[in-house]
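Novice: this is a predicted model, with the sequence first.
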Amino acid sequence: MDEAEKCDRLAMVREGRIIAEGTPDELSSKTETGKLEDAFLEFGRVTK
C-alpha cells in the first residue's frame, strides 16, 4: 500500500467497473480504522 498512499487519486476496479475512487485520504476516511488498506478490503468485498 505504500505506492497507493503516494498517489494523488486512486480507483479500484472489479469486473471492468470502478467500485471506489478518490484520494487516499478520502478512501481511508470511509473505514472505521482510517487505514487505506482497510478501505481496499472493504470496497473489495463481493456483494450479490
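Specialist: Nice, thanks for sending it over. Residues are numbered from 1 along each chain as shown.
Novice: run through who's touching whichever strand or helix holds E37.
Specialist: Here E37, judged by DSSP states H and E, is contained in helix 36-43. With contact meaning C-beta atoms under 8 Å, 6 or more residues apart in numbering, helix 36-43 is reached by 1, 4-5, 12, 19-20, 24, 27-28, 30-32. (Each C-beta comes from the backbone N, C-alpha and C, glycine too.)
Novice: are any of those buried, and if so which?
Specialist: Among those, those classed as buried by 16 or more other C-beta atoms under 10 Å are 12, 20, 24, 27-28, 31.
Novice: in strands only, show me the residues you listed.
Specialist: In this view, these that belong to strands under DSSP state E are 12, 20.
Novice: what separates I19 from F43, distance-wise?
Specialist: To F43, I19 is 6 Å away according to C-beta to C-beta, to the nearest Å.
Novice: repeat for E3
Specialist: 17 Å.
Novice: looking at those two, which is more packed in?
Specialist: For E3 versus F43, the count of surrounding residues by other C-beta atoms under 10 Å is larger for F43: 15 against 7.
Novice: excluding chain neighbours, what is closest to that one?
Specialist: Closest residue in space to F43, ignoring its immediate chain neighbours: A20 at 4.0 Å, by C-beta to C-beta, 6 or more residues apart in numbering.
Novice: same thing with V13?
Specialist: With sequence-adjacent residues excluded and distances taken as C-beta to C-beta, 6+ apart, V13 is closest to I19, at 7.0 Å.
Novice: ok, the one you found - contacts?
Specialist: 12-13, 43-44.
Novice: adding pLDDT, write those residues out as JSON lines.
Specialist: Supplementary listing: the contacts of I19 in JSON lines, determined by pLDDT from 0 to 100:
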{"residue": "M12", "pLDDT": "90"}
{"residue": "V13", "pLDDT": "90"}
{"residue": "F43", "pLDDT": "86"}
{"residue": "G44", "pLDDT": "83"}
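Novice: show me where pLDDT drops low in the protein?
Specialist: Low-confidence segments of the chain (pLDDT under 70): 1, 46-48.
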